[in-house]
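Enquirer: Sequence and computational prediction follow.
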Amino acid sequence: MSTTTQQEREQRQPDAMPLAPREFGRWAWRQFTSMRTALVLLFLLALASVPGSVVPQDGVDAFAASQWREQHPDLAPVYDRLGLFDVYGSVWFSAIYLLLMLSLVGCIVPRCKVYLDALRAAPPRAPRNLERLPEHRSFATDEAPETVLERARGALPGYRAVSHEPGTLSAERGYLREAGNLLFHVSVIVVLVGFALGSLLGFKGGVIVVKGNGFANTLSQYDDFVAGKLFDEKSLEPFSFTVDDFDVTFITEGREAGMAHEFTADLTYRRGLDGEPQRQQIAVNHPLEVDGTKVYLISHGYAPHITVRDGAGHVAFSGPVVFLPEDATFRSFGVVKVPDARTRSGQPLQLGLEGELYPTYGFTMRTGPFSAFPDDKDPLISMTAWRGDLGLDDGVPQSVYDLDKSGLTQLKNDDGKPVRLDLPLGATQRLPDGLGSVTFDGISPFVKLQISRTPADWLALLGVSLALLGLLGSLFIRPRRVWVRVRRTDGDAGGPGRTLVEVAGLDRSSGGDLSTRIDTMAAQIKGAGREEP
Amino acid sequence: MSHDQFEVLSNQAVAVCAVFYFVAVMLHVAEWAFARSVAPARVAVGPDGEPLVDAAHQAADATGRTAQMARWGYVATVVAAGVHLVAVVARGLAADPVRVPWGNMYEFTLTATLVVVIGYLFLQRRLEASWLSPIVTGFVLVTLMVDVLLLYTPVVPLRDALQSPWLVIHVIAAIIATGAFTLGGMCSVLYLVKARWLERRDVAADRPAGYLARVPGLEQLDRLAYRTHAFAFPLWTFAALIAGPIWAQHAWGRYWGWDPKEIWAFITWVVYAAYLHARATAGWKGRQAAVIALVGLATLWFNFVGINFFFGSGSQHSYAAELVARTLGG
Ligand code: HEM
C-alpha cells in the first residue's frame, strides 16, 4: 500500500532534514501527516480527555462544578484559567483534535488520489523472482501451459486477473479495503462537523413544572439554559404545554421497596402561538417532540402548598413550593420567601422559611426525623423561620432554593430555642410574637423536564455509522496479490518437456492466512494434472 | 420456579461453575507441568547423541498424560461454561419482571467472563489455541471470585431509564467487545512475555522448555491478537459510539454528554484506534503495539469497575447511584 511505502521512506531517512525552506516545508508536512504523528496525536487526545472525568464540568453538571469551586477556592481560579471546568471546549483540547483533523486531511487526500489511480491500474507485473515473495509454491506438470493458466484463472474467483506477458498471470483482489479505510477516516471528519454544528446551534434547558401549571417556550421560562455560540434566541420554536397529571408507581414490597418506576406525565401542548391543544403522555425514554425540539421527563419531586398569613391576618403567600429531593426516600429541601408580609401594626416585614419535606414521615430517637418511603403517604414539613431582609432587592439574582441569611435573624420561642414548624398535611402553626401563621394545605407532584434541540446530531450519527461501515471493510477485506508463472522446460534425453508452475502471493494487510490460501490455490491449479514435486 | 428461586439457582450455578473452572485450571497447570518434563531437547537425546530409550518411554508416557490432561481440562471448561450460562440466564429470570441480566456491575462481569470463555472455546476449536487455556481459565476464575466477593448485588428490576431496546443492544455489544478485547489482551501479554523469554533464552538455554515453548511464535501471537482486536473494535465502535448515544438520547435527551463513563469509553476507543495504527506504523509494530493494546484493556476495565467506585454518583450511568437524586441536584 502506498502509505506503507511512504512509511518506509520516512523510516529510511528520518533525520535527513533538507535546508531549503520549500524542501523543509515539504519535509515538515510529510512528518505532520505521517502515521507516527497520527499515533502521537491520538494518544494526546486520549490523555487530554482524562481530566474531564475527574474535574466536574460546567457543561455536564454545573451544580457539581460550582460546588467544587466553593470547596477549593485556591485551586479553582487556576483550574478556570486552564479550562479544566470545560475541558472539551478548552483551547488545548480543541488544538489537539484540530491538529489531528488537519493531519487526517493531509493524510487521506493524497491517499484518495493514489487509490483512484490504483483502481484504474491493472495488477502489477509478476516480479522476476517469485520465490522471494512471502509465499511461494512450485510444481511441475505435463499439461500445456495454456491449460494451466486457464485453470489458474478459474482458481482466482473475485480477483482482477490480467496476463501482462505470455506465461504469467497477475491477479489482485480486495480493492475495497482501502475504500473502506478512506470512508472510515472521512467519516471521522463528518462526525466532528456534526458534533461541532450541534453544539454551536443547539440548546439544552431545564425547567421544573408543578402539576397543573404550564410552560411556554421562551427563554425567561427556563430554570437553566445552555446554548451554543451560534444559537439564536428567536429560533426557539413557539409552543406551550401544561402538565395535567403525573404518575409514578413505587414498589411497596420486597427488597426493591421504595424504588420508583413507570413515571408518566400527561401533557396538553399547543404548537405555535395558538395551535390546537393536543394531548400526549411522556415518560422516561419517551419524549414529546415539537418541531425538532424535544421535551424529556427527567425526574420528579413534591411541591407542598403552603400558605403564610401575616400578623395583620392577610394571606402574604400561598401556593405550591418546589422542594428538591435530596435522596432516594425523597426527603426534600425547600425555601419559602415571603417578601410582602406586614406586622400586626402594619409595618412591612419580610419572612423566610426553610426546611425539609418528608413524604412519609418517620421518627426514631436514634435517627431523628426521616422519610420512610418516597411516596407521599403521610407528608410532613419541618421548617425554621426567619425575619429581616431577604436580599431580594439588591439586584443580585438569587436562587429560589436558597435562603440568603446575611440579612435575616432566626425566630425564637420564648425559651430562646429556635422555632421549628412541624406541619403534617392540613396543619397550621402560629409564628411567635404574633407574626402570623403557616399552613400546609396540600401537596402536588412536580416534574423536571429537559427541553433541548441538537440540530446536527443526525449528521454525527450518520458519520459514525458510515465510519463503522468503512471500518468493517477496512478490517475484514484482505487485499491480496497472486502471481502465476508457467514455463516449459525441455525434457531430458529428448523426452517430452514439462511445465513448471510457480504460484506466489503477497498479502497487503496483516491478519490474513496467506499460506493456506496459496496452498489451496496451488492444489486447485494442479487440479487433475499428475503430481510431482 | 419463582423469581427468588431463580436467584438462588443463579448463585449456586456461579459457585458450581467456579469449581469447574478451578478444576480446569488445575488440570491445565498439571498439563503444562508434564509438558515441561518432555522438553524435546533434553529428553530425546542421550549424551552420546543416541535417543535414550528410557527417556523416550518416559516422554511418550508424559505426552500421553499431557494430552489427557488437556482433554480433561477442556471438558471441565466446557462444563463450566455451560453452568456459567445457566447462571447468567437464571439471573435474568430472577428479576421481576424478567429482564436482560445486565443491570449492574455484578451481572455485567458475570456475562463478560462467559463471553471470554466462549470466545476462547471458539478459538480453541478453530485455531487450536490450547495454550490459551491456563490463562483463560485462571483469569475467569479470579474475575468471578472478585465479582462474587466484591460486586455482588441482589436482583433488582431495571430503572425506567434502563428499559430501552437500545440498552439491550448497547450492552450486549459492549459485553461481547469487552470479552474479545480481554482475549486479545491475553494474546498481547503472551506476546510480551514470550518476546522477553526469547531474548533471554540464550542465556538460560538449559532451562527446561515449559509453557512458553508451546506458545506459538511471536508473529502468530501478534496476528491472533490483531484478529481478536479487529473483531472487537468495530463492535466497540458500535456499542460505545452508536447504540450508547442513541440510548442516551432516548433516556436523557442528549447523544453525548461527556459523562465519566462516556469519556472513558471514548478514551478506550481512541487507544484501540492507536493500537490499530501502531500495527501499521514502522517502529511501532510488535512490542509497542502490544503495550498499547494493554493500555486499551486497562482503560476498558477501569471504565467498568473503576468508574463506579471513583466517580460513583458523578456518572449518570452509575449503576450504584440513584438517577433521581442526581438529576435533581443540578
Ligand atoms: C481522527 C483520527 C484517526 C482515527 C480515529 C483513526 C482510526 C483508524 C483506525 C481505527 C484504523 C484501523 C483500520 C484498519 O486497520 O484498516 C486506521 C487505519 C489507518 N489509518 Fe487512521 N485514524 C486517524 C487518523 C489517521 C491519520 C491522521 C492518518 C495519516 C497518517 C491515518 C492513516 C491510517 C492508515 C494508513 C491506516 C491503515 C492501516 C493499515 O494498513 O492497517 N489515520 N485508522
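Expert: Yes, it's here.
Enquirer: Low-confidence stretches in the chain?
Expert: Using chain A here. Applying pLDDT under 70 to chain A flags the ranges A:1-18, A:253-261, A:491-495, A:510-512, A:528-533.
Enquirer: The chain in question should be chain B.
Expert: Counting by pLDDT under 70, chain B shows low-confidence ranges at B:1, B:35-63, B:96-97, B:156-163, B:201-210, B:306-330.
Enquirer: Contact residues of it facing the ligand?
Expert: Taking Cβ under 6 Å from any ligand atom, the part of chain B that reaches the ligand is made up of B:273, B:276-277, B:280. C-beta coordinates here come from the backbone N, C-alpha and C atoms, glycine included.
Enquirer: Now rank the residues you listed by neighbours and give me the top one.
Expert: With neighbours set by other Cβ atoms under 10 Å in any protein chain shown, the maximum within those is found at residue B:273, which has 22 neighbours.
Enquirer: Pretty sure that residue sits in a helix.
Expert: Yes: Residue B:273: assigned to a helix according to DSSP: H, G, I helix; E, B strand; the rest coil.
Enquirer: give me phi/psi at residue A:388?
Expert: The phi/psi pair for residue A:388 (degrees, to the nearest 10) reads phi 130, psi -140.
Enquirer: Correct me if wrong: it contacts residue A:407.
Expert: Yes: taking Cβ atoms under 8 Å as the contact criterion, residue A:388 and residue A:407 are neighbours in contact, 5.0 Å apart.
Enquirer: from memory residue A:178 sits against residue A:118, does it?
Expert: Yes: the criterion here is Cβ under 8 Å, and residue A:178 meets it with residue A:118 at 7.4 Å.
Enquirer: So between those two, which is more surrounded?
Expert: A side-by-side neighbour count of residue A:178 and residue A:118, using other Cβ under 10 Å, places residue A:178 first with 24 against 15.
Enquirer: now the more buried one, nearest residue through space, not along the chain?
Expert: Of all residues not flanking residue A:178 in the chain, residue A:115 sits nearest, at 5.1 Å (Cβ to Cβ, 6 or more residues apart in numbering or on different chains).
Enquirer: and the closest residue to residue A:233 other than its chain neighbours, what does it touch?
Expert: Taking Cβ to Cβ, 6+ apart, and ignoring the residues beside it in sequence, residue A:233 has residue A:219 as its nearest neighbour in space, at 5.7 Å. With contact taken as Cβ atoms under 8 Å, 6 or more residues apart in numbering or on different chains, residue A:219 is in contact with A:225, A:233, A:236.
Enquirer: how close does the last one sit to residue A:194?
Expert: Yep, that's residue A:236 we're talking about. Counting by Cβ to Cβ, to the nearest Å, the gap between residue A:236 and residue A:194 amounts to 22 Å.
Enquirer: what do you get for the second one?
Expert: According to Cβ to Cβ, residue A:233 stands 23 Å off from residue A:194.
Enquirer: Other residues contacting the helix or strand hosting residue A:421?
Expert: Assessed by DSSP states H and E, residue A:421 sits inside strand A:420-424. Defining contact as Cβ under 8 Å, 6+ apart, one finds that strand A:420-424 is touched by A:353, A:355, A:361, A:378-385, A:429, A:438-440.
Enquirer: coming back round to it: neighbour count for residue A:233 and residue A:194, which is higher?
Expert: A direct count of neighbours by other Cβ under 10 Å for residue A:233 and residue A:194 places residue A:194 higher, at 22 against 10.
Enquirer: chain center to the strand holding residue A:421: distance?
Expert: For strand A:420-424, the distance between its averaged C-alpha position and the chain's averaged C-alpha position is 45 Å (Cα atoms, centre = their mean, to the nearest Å).
Enquirer: And for stretch A:415-428?
Expert: Between the mean C-alpha location of stretch A:415-428 and the chain-wide mean there is a distance of 47 Å, by Cα atoms, centre = their mean.
Enquirer: mind listing what's buried in that stretch?
Expert: Buried residues in stretch A:415-428, counted by 16 or more other Cβ atoms under 10 Å in any protein chain shown: A:419, A:421-423, A:425.
Enquirer: First-to-last residue distance for that stretch?
Expert: Start and end residues of stretch A:415-428 are separated by 21 Å (Cα to Cα, to the nearest Å).
Enquirer: Could you find the closest non-adjacent residue to residue 169?
Expert: In the absence of a named chain, this looks at chain A. Leaving aside its sequence neighbours, residue A:169 sits nearest to residue A:484 (Cβ to Cβ, 6+ apart; 4.2 Å).
Enquirer: Switch to chain B, please.
Expert: Distances taken as Cβ to Cβ, 6+ apart put residue B:243 closest to residue B:169, at 4.8 Å, once the chain neighbours are dropped.
Enquirer: Using the three-state scheme, assign that neighbour.
Expert: helix.
Enquirer: Count the residues that sit near it.
Expert: The number of residues near residue B:243, taken as other Cβ under 10 Å, comes to 21.
Enquirer: hang on, it packs against residue B:170?
Expert: Yes: at 3.8 Å, residue B:243 counts as touching residue B:170 under the criterion of Cβ under 8 Å.
Enquirer: can you give me the strands for the stretch 301-450 of chain A?
Expert: Counting by DSSP state E, counting those that start in this stretch, one finds strands in the stretch 301-450 of chain A at the ranges A:315-320, A:324-325, A:332-342, A:348-358, A:361-364, A:368-371, A:380-388, A:408-410, A:420-424, A:428-431, A:436-453.
Enquirer: For the last one, list every residue counted as buried.
Expert: Pointing back at strand A:436-453 there. A:436-441, A:443-453.
Enquirer: repeat for the fourth one
Expert: By neighbour count on 16+ other Cβ under 10 Å, the buried set for strand A:348-358 is A:349-358.
Enquirer: closest to chain B among these?
Expert: Distance ranking of the buried residues of strand A:348-358 against chain B, using Cβ to the nearest Cβ, places residue A:357 first at 12.9 Å.
Enquirer: partner residues bridging that closest one?
Expert: For residue A:357, the residues forming beta bridges with it (DSSP bridges) are residue A:332, residue A:381.
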